[in-house]
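[1] Got a sequence here, can you build the structure:
(one chain, ligands or ions: 1)
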Amino acid sequence: MLEKIESAVKDFNAEINNVNSTETLEDIRVKFLGRKGLFAQLFEEFKALPKEEKPKYGQLLNKEKNNASAKFDEVKDEIESKSVSYDSYVDLTLPGVKRKIGNKHILIQTLDEIKVFFKGLGFAIYDGPELESDYNNFEALNFPEDHPARDMQDTFFVNDNFLLRTHTSPTQIRLMKTTKPPIRAIMPGKVYRNEAISAKSYCLFHQVEGLYIDTDVSFAELKSTLVSFAQYLFGADVKYRFRPSFFPFTEPSAEVDIWWEPKGKPGRWLEILGCGMVDPNVLDNVGIDSEKYVGYAFGMGVERMALRKYNIPDIRLFFDNDNRFLEQF
Ligand code: PHE
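    Numbering: from 1, shown residues only. This is a model prediction of the structure:
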């Protein structure tokens, strides 16, 4: 009997020390500790022992069985704590989750294209603030005191003397005040107007101002520059027209329209910019000799360019920040 118990303990220890998965662990449990396992069989044999041998083997058998059970539980805990649960199981063969990398907003992309064109012609890039003085936004640009654009309807006034600029033209004033001619620069930026919001107008939009001041600048140069620009942005066959117009700070003045055929709608002219020869009064206001220098200026709407170029039906889409729209560009 003693031999049998010892050999059972020896076999159990050999197997339990080599176990490496929950499946073999279960085999060991059945083989040794189960209801028909080795220890149970030994207990059966124990029952048949002569009375005087019972206490000795009974104690030994109980002790070894309890030891084996304890060892089994210990190994089981150890294996289970090491094995990965199904929930946190990672299948390394599955394709990964694609991370979205952002892209430039379509207006910024359009602005970049505009910059590339004018940089190529030797224009510098100059920045101005969005909060402007009434003087730079209107007065210095030769707006008469009672001009309708000064009306509260169009302008977001901050107080009597300051406002959110209604166009990028005040940046011309800043540049001319601080730089001696010749001056050749574009001035991109945001502008604000207190207008009714619709598919074509928004309370905020982007403009690119252009200014060229030298001793011999002509309207013909202005015109050829803007035509080349329209062909660069919209293609060589773009249909355009120059329309006589009025701005207090340019004389003569014009507006440029391009032909637009939005999908499913009848074609129409879309105004994209205003331009003209800088009014001598403006040069005098900033201390540039208007007898010696002449210049041209233009101001273009970036949203309008993008509407036409990418056939976008509504200006509000630029500002909604809907990824389904933004991701298309
Ligand atoms: N500032 C004018 C506007 O916003 C555009 C313009 C700029 C016109 C420069 C002429 C010269 O409408």
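[2] Apart from its neighbours in sequence, what residue is nearest the residue of the stretch 101-250 of the chain at minimum distance from the ligand?
    Residue of the stretch 101-250 of the chain nearest the ligand, by CB to the nearest ligand atom: His167 (3.3 Å). Backbone N, C-alpha and C define where each C-beta goes, glycine included. Nearest non-adjacent residue to His167, counting by CB to CB, 6 or more residues apart in numbering: Val191, 5.4 Å away.
[3] all helices of the stretch 201-329 of the chain, in order?
    219-234, 280-285, 302-310, 317-320, 323-326 (DSSP state H, counting those that start in this stretch).
[4] I'd like the mean pLDDT over the last one, please.
    Taken as a whole, helix 323-326 carries a mean pLDDT of 91.
[5] CA atoms only: put that helix into PDB for me.
    Listed next in PDB are the C-alpha coordinates belonging to helix 323-326 (Å, rounded to 0.1, in the frame of the first residue of the first chain):
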ATOM      1  CA  ASN A 323     -15.900  66.200 -42.700                       C
ATOM      2  CA  ARG A 324     -17.900  64.600 -45.500                       C
ATOM      3  CA  PHE A 325     -17.400  67.900 -47.400                       C
ATOM      4  CA  LEU A 326     -13.900  68.600 -46.300                       C
END
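[6] Can you give me the buried ones in it?
    Using 16 or more other CB atoms under 10 Å as the test for burial, helix 323-326 gives Leu326.
[7] For the residue nearest to Gly34 when sequence neighbours are not counted, give its distance to the ligand.
    Spatial nearest neighbour of Gly34, chain neighbours left out: Ala40 (7.0 Å); criterion: CB to CB, 6+ apart. Ala40 sits 98 Å away from the ligand, going by CB to the nearest ligand atom, to the nearest Å.
[8] residues near Ala40, how many?
    13 (other CB atoms under 10 Å).
[9] With the one 5 residues further on instead?
    Residues contacting Glu45 under the criterion other CB under 10 Å number 13.
[10] Wait, it touches Lys4, no?
    Yes. Glu45 is within contact range of Lys4, at 7.3 Å (criterion: CB atoms under 8 Å).
[11] for Leu204, what are its contacts?
    Lys190, Val191, Tyr192, Arg193, Phe319 (CB atoms under 8 Å, 6 or more residues apart in numbering).
[12] Recalculate using a threshold of 7 Å.
    Contact analysis of Leu204 by CB atoms under 7 Å, 6 or more residues apart in numbering lists Lys190, Tyr192.
[13] packing partners for the helix or strand containing Lys56?
    Assigned by DSSP states H and E, Lys56 belongs to helix 54-82. If you count contacts as 3 or more CB pairs under 7 Å, 6 or more residues apart in numbering; DSSP states H and E, helix 54-82 packs onto helix 2-16, helix 22-28, helix 38-47.
[14] for that helix, which positions count as buried?
    By neighbour count on 16+ other CB under 10 Å, the buried set for helix 54-82 is Tyr57, Leu60, Leu61, Glu64, Lys65, Ala68, Phe72, Lys76.
[15] ok, now stretch 105-114?
    Neighbour-count burial for stretch 105-114, counted by 16+ other CB under 10 Å, picks out Ile106, Leu107, Thr110, Leu111, Ile114.
[16] Output the set of residues of the stretch 101-250 of the chain in proximity to the ligand.
    Residues of the stretch 101-250 of the chain lying close to the ligand by CB under 6 Å from any ligand atom are His167, Ser169, Phe247, Thr250.
[17] want to try a markdown table for those residues, with neighbour count as columns?
    As requested, those are exported to a markdown table (neighbours: other CB atoms under 10 Å):
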| residue | neighbour count |
| --- | --- |
| His167 | 23 |
| Ser169 | 30 |
| Phe247 | 22 |
| Thr250 | 25 |
